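Engineer: what follows is a protein structure lacking sequence information:
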């Protein structure tokens, strides 16, 4: 029991020093990691992902992604980030990600959904917002706190089976809903970033509608890490008027993203197949 009391005291002291304020939104955050530690972990994950991926060399895809990304980066006003934008050749993956430190990757599978510059600006604004808001470090800190709580409960002599149930309940009742709040926060800040970059934030409604159609049949909001489409649409409509205050329409023609067919080549296809075989062998090893 003395050990449990000591652990509770340590946990309380950690909570006192680990409360920070989220950039942009001012929301209170639990953060055990320094920004430097978070950037280091992000860059390590980025290198690992690129090492296990096929990168496209399609000049138009790279040029457009970098053009949009650099506009978003200027809007982010984070000069200490070393921005880098890559395109991963994976037609089946409709996704993109940004890690702390400014490393951003876009999967070619998102191109048919994004369609043009503005559609991709919605995606990149959202992903860059995750990095700026330090969501990765917050998630790691939250996981550490949950682990510490379970350790304290275990030291108090609570039934191990009850601890297992508690861990599962915390995942659904605490971690997943918190992830939804992060997604919503990234939506809101992402709208401002794309607007400052010269892209119309109203396009976000169409983009997420197309994404919802692709992901139809996804789990209900209660067990999902993303807001439901209905929730997201309502939130976007409430945030767009504020984002529009930063939007200055640019006198330029928006570019259409290259099609998957245009980016396809026998070499790219062979590289993807080889990577799949290597990954399958590694899983069996």
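Structural biologist: Perfect, I can see it now. As the structure is a computational prediction, the values presented were derived from the model and not from experiment.

Engineer: where do the strands sit along the stretch 1-150 of the chain?
Structural biologist: Remark: strands assigned in the stretch 1-150 of the chain by DSSP state E, counting those that start in this stretch are 19-21, 28-30, 84-88, 96-99, 103-107.

Engineer: can you pull the pLDDT of the closest residue to residue 95 other than its chain neighbours?
Structural biologist: The shortest distance from residue 95 to any non-neighbouring residue, by Cβ to Cβ, 6 or more residues apart in numbering, is to residue 107 (5.0 Å). Just so you know, the C-beta spots here come from the backbone N, C-alpha and C atoms, and that holds for glycine as well. Note on residue 107: pLDDT of 95.

Engineer: I'd say residue 107 and residue 113 touch.
Structural biologist: No: counting by Cβ atoms under 8 Å, residue 107 sits too far from residue 113 to count as a contact (10.6 Å).

Engineer: overlap in contacts of those two?
Structural biologist: residue 94 (Cβ atoms under 8 Å, 6 or more residues apart in numbering).

Engineer: would you quantify the distance from residue 79 to residue 284?
Structural biologist: Residue 79 is 46 Å from residue 284, where distance means Cβ to Cβ, to the nearest Å.

Engineer: which one's more surrounded, those two?
Structural biologist: Neighbour comparison, residue 79 and residue 284: the larger count goes to residue 79, with 10 against 6 (by other Cβ atoms under 10 Å).

Engineer: so what's that one scoring on pLDDT?
Structural biologist: 90.

Engineer: what's near enough to touch residue 131?
Structural biologist: 42, 81, 98-102.

Engineer: quick one: which of the strands of the stretch 1-150 of the chain is nearest residue 260?
Structural biologist: strand 103-107 (11.0 Å; Cβ to Cβ).

Engineer: name the residues that touch the closest one?
Structural biologist: Everything outside strand 103-107 that qualifies as a contact, by Cβ under 8 Å, 6+ apart, is 42-43, 46, 49-50, 53, 65, 69, 82-88, 90, 93-98, 120, 123-124, 127-128.

Engineer: then stretch 194-209?
Structural biologist: Applying Cβ under 8 Å, 6+ apart, the external contacts of stretch 194-209 come out as 68, 71-72, 74-75, 113-114, 117-119, 121-125, 187, 190-192, 229, 232-233, 236-237, 240, 243-250.

Engineer: please repeat the previous calculation with a cut-off of 7 Å.
Structural biologist: Residues from elsewhere that reach stretch 194-209 (Cβ atoms under 7 Å, 6 or more residues apart in numbering): 71-72, 74-75, 114, 117-119, 121-122, 125, 191, 229, 232-233, 236, 240, 243-244, 246-248, 250.

Engineer: just the buried members of these?
Structural biologist: 71-72, 75, 114, 117-119, 121-122, 125, 191, 229, 232-233, 236, 240, 243, 246-247 (16 or more other Cβ atoms under 10 Å).

Engineer: flag the shaky bits of the stretch 101-250 of the chain, pLDDT-wise.
Structural biologist: 145-178, 217-224 (pLDDT under 70).

Engineer: for it, what spans make up the helices?
Structural biologist: 111-114, 117-132, 135-155, 160-170, 176-196, 203-214, 229-244 (DSSP state H, counting those that start in this stretch).

Engineer: tilt between the last one and helix 117-132?
Structural biologist: Angular relation of helix 229-244 and helix 117-132 on a 0 to 180 degree scale: 90 degrees, by axes from the mean of the first three to the mean of the last three Cα atoms, to 10 degrees.

Engineer: helix 229-244: what's the following helix or strand?
Structural biologist: Where DSSP states H and E defines the elements, the next helix or strand beyond helix 229-244 is helix 260-263.

Engineer: and for the following helix or strand past that following helix, what are the contacting residues?
Structural biologist: Toward the C-terminal end, the helix or strand that comes next after helix 260-263 (DSSP H and E) is helix 266-284. Outside helix 266-284, the residues within contact range by Cβ under 7 Å, 6+ apart are 54, 56, 89.
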